Each structure stands twice: as structure tokens, then as C-alpha cells.
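A.B. asks: next comes the sequence, and after it the predicted model I'd like to discuss.
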Amino acid sequence: MEILNKLKSDENLAIALGFFDGIHLGHKAVIMAAVDYAKKNNIKSAVVTFRQSPYVALNNVKPNYIITLEEKIKAIKKLGVDYLYLSDFTEDLAKQTASDYLKNLVDDLHPKMIATGFNHYFGYNKSGGVDYLRLMQQEYGYEFKEINPIKLNEDVISSTAIRKALSNGDIPKANSMLGYRFYVKNEVIKGRQIGRTIGFKTANLKMPEKMINIPDGVYAVEVEVLGKKHMGIANFGSNPTVTDDSQKLLEVHIIGFNQDIYGELVKVSFLVKIRNEKKFQSLTELKAQIEKDIECLE
């Protein structure tokens, strides 16, 4: 997959439009519609997206992404996309009319097919959307494919719904909507080294910048490190039993693993929240609770 910063192509494309935070099941359906069309018609597929969320840029709010940009790029590549157009969402773009945005897109990328989700909007004040894309098919010579809502039970799968589930600690619901386990990937850093004194050595990670924070608590996780997967338990929070520091860390005890992995890149996938974070009266009480937490994995 080739990553391009400028919207320009000398060939016809099948393109998928969207921000695609999380690359959830709905996003995959949109992207695969473009990929499948491209393969059937012997052309190239492309995803057109932004480095930062238009909502974040327009409202000047702190990002709380489900997935980092680096991981999003990897996920898009795995779907067989040929080109990824990755742009900044600028003030000029925010002021652009829907008609100008679409005309520029057509002039630059020559799409034979455009795919979006049912709730895709573009142009100043969200003036353009699926109805406009459908209306302009004949004039611009592309085929438009709208992906209808995909539901989990009665809930429509969306990045907003997934963020809500994660914020509520409902990891299984978020995972079902994503189609994979929500995960954090980062380097192991030195922590307080309290765990090893009570027989539960931990790998400590910071939550990647701009990612959503899950509720403080203890979680069952799967840990991928040094090419192998292990079960583990993870505490996210400030660990009030051993410190008054407000800095939050993800402290992961990897079951049956005792290697020194400082500086190693570790992937922690979340399965379910076991309990809320709690301040214990002693390290002995903390050790006893960790033993009970591990029993939940059996």
C-alpha cells in the first residue's frame, strides 16, 4: 500500500471515504466495497482520510481515538487497499462547500466508484452526504455505494458507540463492534517495581497519546510480547495502594512470564473488566486480591 499526502492520481480509482477511527466492522464493509469493486474492474482501490478527526479539528477538543494513526494505517493495509490518501483537515477545507469538495475529489482522483457509510458527511456545515453523492453519480461518472448500518443486537455499530462502551468499561460490547479486541500497543517502561516485591512482576505502559482512556480498574487481557501471546491481568489507574501519584499507567502482570522486557513493544488486548481499582490497607491485602483476580482467568 502506497501512502500519499496529496490528492492526485493519473488512473481511475475505487475510493472509500471516511475518518475510520477504530476500523470497526462498519468501516471494514465500506473499505472492502471499494477493494472488491477495484478487483472486479481491474482498477486500483484507495482510502481517502485525515490524520486528525474533523470533529476534533472543528471543535478544538482533545482527541480520544480508539486506535492510533500508526495502527489504523496497518489495519487499512491488511484489507488490501492500494493507496492511502492521508491529509490534514485544514481550516480552508472546513469552509469548502460540498459541491467544491466533490468536484475537486473527482478532478484529482477520477473515481469510478465511491463508497461511504450511511452517516458520511462532508462540506461546510455537513452540507454534503450520501444523498448528494448519489445524486451526482451520472454527472461525474462514478458509481456510489452506501453501506447501510451494521447492528449489534439493536445498536448501530459506530465509532461513537464503541467509545461509549469503552468509557463505560463494557469491553465485550466494544470488542464485538470492533470485530477484534480493543488493544494498546506501547513500549514497556520502568514503573514503581512494587509488584515484584509481592511476587507479581508487572510490565508498565503509558496509554498512547490521543487514545481514549478506559475506566480505572483491573482487566483480563491477552499480552503479545516477543512474538508470543500470554494471558494476563492489567491494572489501569494510579494504583492508590502504593502511591499518591496521579499519573496513570497500565500495569500488566503476564502470567507465567518472567523475562526482562524494558523497552520492548508490547500489545495488550482487553477481554473484560474484572473490578474497579481499589486502595488496599497493605501490600498483603493487595497480593491476596491479585491472586483472586488471576483466578477469574481460569
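C.D. replies: All right, it came through fine. Residues are numbered from 1 along each chain as shown.

A.B. asks: what's the offset of stretch 118-138 from the middle of its chain?
C.D. replies: The chain centre lies 25 Å from the centre of stretch 118-138; the measure is Cα atoms, centre = their mean, to the nearest Å.

A.B. asks: okay, buried residues for that stretch please.
C.D. replies: 120, 122-123, 128-130, 132-133, 136 (16 or more other Cβ atoms under 10 Å). Using the backbone N, CA and C atoms, a C-beta is placed for each residue, glycine as well.

A.B. asks: distance to residue 86 and pLDDT for these - can I get that in JSON lines?
C.D. replies: Formatted as JSON lines, the buried residues of stretch 118-138 follow (distance: Cβ to Cβ, whole Å; pLDDT from 0 to 100):
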{"residue": "120", "distance to residue 86": "17", "pLDDT": "95"}
{"residue": "122", "distance to residue 86": "16", "pLDDT": "93"}
{"residue": "123", "distance to residue 86": "20", "pLDDT": "91"}
{"residue": "128", "distance to residue 86": "21", "pLDDT": "94"}
{"residue": "129", "distance to residue 86": "22", "pLDDT": "95"}
{"residue": "130", "distance to residue 86": "23", "pLDDT": "96"}
{"residue": "132", "distance to residue 86": "24", "pLDDT": "97"}
{"residue": "133", "distance to residue 86": "21", "pLDDT": "97"}
{"residue": "136", "distance to residue 86": "24", "pLDDT": "97"}
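
A.B. asks: what about those residues, which are in helices?
C.D. replies: Per DSSP state H, helices hold the following members of those: 130, 132-133.

A.B. asks: and which of those residues is nearest residue 157?
C.D. replies: Relative to residue 157, the closest of those is residue 130; by Cβ to Cβ it sits at 16.9 Å.

A.B. asks: for the closest one, which non-adjacent residue is closest in space?
C.D. replies: Computed as Cβ to Cβ, 6 or more residues apart in numbering, the closest residue to residue 130 that is not its neighbour in sequence is residue 146, at 4.8 Å.

A.B. asks: picking that back up, just send the buried residues of stretch 118-138 back as TSV, with distance to residue 28 too.
C.D. replies: Listed next are the buried residues of stretch 118-138 as TSV, based on distance: Cβ to Cβ, whole Å:
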residue	distance to residue 28
120	15
122	21
123	25
128	23
129	21
130	18
132	24
133	20
136	26
